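Novice: How does the following fold in three dimensions:
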Amino acid sequence: MTFGEHLEELRVRLAKALIGVVMGIAIGLFVADWVVERIQDPLKAALTDFYSIKEMEEFKEKGVAIDTESARALIEEEGMIADMMNIELDQLILRLKEASPDQLGVIQYLPYSFVSTDFAPADGLAKTVAPYQPFFAQIQAESAKADSLGGAVLSYLDDQQQSIVTSLASEENNSTMQDALGIMNALANDPTLVDGALKPHLDAVTDAMSDLEASQRVKDSVQQMQDRIENETSDEQKSSLTRRLNRFVLCRIFPEYLRTPRPATIEIPVWKKIDIKVQTLNAHEAFMIWLKAAVIAGFVVASPWVFFQLWAFVAAGLYPHERRYVYIYLPFSTILFLGGACVAFFLVMHPVLDFLFSYNRMMKIDPDPRISEWLGFVLFLPVGFGIAFQLPLVMLMLNRIGILTIEAYLSKWRVAVLVIFVAAMLLTPADPVSMLMLAVPLTALYFLGILLCKWMPRTKNPYEEGYDPD
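Specialist: Alright, predicted model coming up:
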């Protein structure tokens, strides 16, 4: 063939290869969604493991009141995690009674009652002193004074209840938190508490507030609750609103001893399926990822046709024995490359991600990966493994052309292993797991390359010496 004929052959082969690439990309457009899903599989699996391990660690740290083995079954087998949620106890029980009055209407529960956490622990209070003791001690100390706040509170209690207050006020008392709550809820249930002897003291507290807006807000709240009680027709609802009002007023009058009124809450786990979603930050990012996936799939689909066209052009200029080498080594090289890529994607990717995400758990940072960054990572690692797995063929080539001998490979194997580990460090991301998972197979491939050199030895020159025509 003349030089012009070779150029024409190259033009035809390149045109056919380009047509194949275009057709491959067209096919890739139909499978791009599937390709994107498959690319995300290792990341989603690693993130699921991350959140499962994190959930079990949080259960152990918080000591959640749930059977650990049951939680483990939900987390590991069902792929679920628990969000700890604080639910208002009063509203929960009221809603349950309203939803199923036949079954739950018989529950005896008084909403807006005092609970143990309503007592504010005083600063410097000894651990042996009950949190309610300072409050009742203050009531008892003021009870002897005329028109005192303590006397006003005791006026709502009978003789037996007043004796319990005396016991609760003592530092060495045999009373319990249940007794203290019984006294507080007896006051909360009295419908005359706010408009009776406590009213002047409530007015004095609100008038003494330096923040006029806060003072007016307290007065408005009291007035609104009183209006609701007056307009309420249900006795049960009226009793609940009365307890709510009285609890609010008592907490405002005794801010040093009672905490600001707040709903009683319980913490319960709410289970839900782990839902892993990879993020995009730009409006066009998802489209670009889809397009890249279509192009990548198109090149993969068209690659056999492209290689065939290139080989058809190259083969025309080769001798028969040279073509035989290509027929032997090209499939072997393809198998090694695909094997390296499959090892990276199916075996290495997950352990590498587990190792990297372990630092997120250690620093208590939730990963939020972007699909564009992940796409670059998922392409870089398999390509690096595929190229590195060509090591036996490179060793065979160097042996066949006489640069290195089998004896050199065997004597310098320690240096070769060191070079392999350095190359693995450069070809993989910056983590020791992926480096080791590339370096160990490459070390095995190094010794496979030595066996390959022995199995396919270099052909010796049949002549003892060369002939120089000069």
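Novice: In contact with residue 83, which residues are there?
Specialist: 269-270, 272 (C-beta atoms under 8 Å, 6 or more residues apart in numbering). For every residue, glycine as well, the C-beta is placed using N, CA and C.
Novice: That one is in what secondary structure piece?
Specialist: In the assignment (DSSP states H and E), residue 83 maps to strand 80-88.
Novice: May I see the contacts of residue 83 organised as CSV, with neighbour count added?
Specialist: Output for the contacts of residue 83, formatted as CSV (neighbours: other C-beta atoms under 10 Å):
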residue, neighbour count
269, 19
270, 10
272, 10
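Novice: Heading C-terminal from the strand holding residue 83, find the next helix or strand.
Specialist: helix 89-99.
Novice: Where in this protein is the helix or strand with the lowest mean pLDDT?
Specialist: Ranked by mean pLDDT, DSSP states H and E, the weakest helix or strand in the chain is helix 68-72, scoring a mean of 67.
Novice: which one among the contacts of residue 83 gets closest to residue 78?
Specialist: Residue 78 lies nearest to residue 272 out of the contacts of residue 83, by C-beta to C-beta, at 10.5 Å.
Novice: where in the stretch 201-350 of the chain is pLDDT low?
Specialist: 322 (pLDDT under 70).
Novice: how about the strands of it, start to end?
Specialist: In chain order, the stretch 201-350 of the chain shows strands spanning 265-273, with DSSP state E, counting those that start in this stretch as the criterion.
Novice: In the chain, where's the longest helix?
Specialist: Once the chain is assigned using DSSP state H, the helix that runs over the most residues is helix 3-62.
Novice: how far does it sit from the chain's center?
Specialist: 25 Å (C-alpha atoms, centre = their mean, to the nearest Å).
Novice: likewise stretch 308-322?
Specialist: Worked out by C-alpha atoms, centre = their mean, stretch 308-322 lies 54 Å from the chain centre.
Novice: Now that stretch: buried residues?
Specialist: Across stretch 308-322, burial judged by 16 or more other C-beta atoms under 10 Å covers 309, 311, 313.
Novice: Would you mind giving those residues as JSON lines with distance to residue 152 added?
Specialist: Output for these, formatted as JSON lines (distance: C-beta to C-beta, whole Å):
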{"residue": "309", "distance to residue 152": "101"}
{"residue": "311", "distance to residue 152": "103"}
{"residue": "313", "distance to residue 152": "106"}
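Novice: and of these, the nearest to residue 30?
Specialist: Looking across the buried residues of stretch 308-322 and measuring by C-beta to C-beta, the closest to residue 30 is residue 309, at 23.4 Å.
Novice: So the closest one is in contact with residue 18, correct?
Specialist: No: Residue 309 is beyond contact range of residue 18, at 9.3 Å (criterion: C-beta atoms under 8 Å).
Novice: quick one on the thing from earlier: can you redo the contacts of residue 83 as JSON lines with distance to residue 229?
Specialist: Conversion of these to JSON lines gives the following (distance: C-beta to C-beta, whole Å):
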{"residue": "269", "distance to residue 229": "37"}
{"residue": "270", "distance to residue 229": "34"}
{"residue": "272", "distance to residue 229": "40"}
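Novice: Let me know the closest of the residues you listed to residue 435.
Specialist: residue 272 (37.1 Å).
Novice: Hmm, that closest one is touching residue 79, no?
Specialist: No: counting by C-beta under 8 Å, residue 272 does not reach residue 79; the two are 10.1 Å apart.
Novice: that older thread, the longest helix of the chain vs strand 265-273, what angle?
Specialist: 150 degrees (axes from the mean of the first three to the mean of the last three C-alpha atoms, to 10 degrees).
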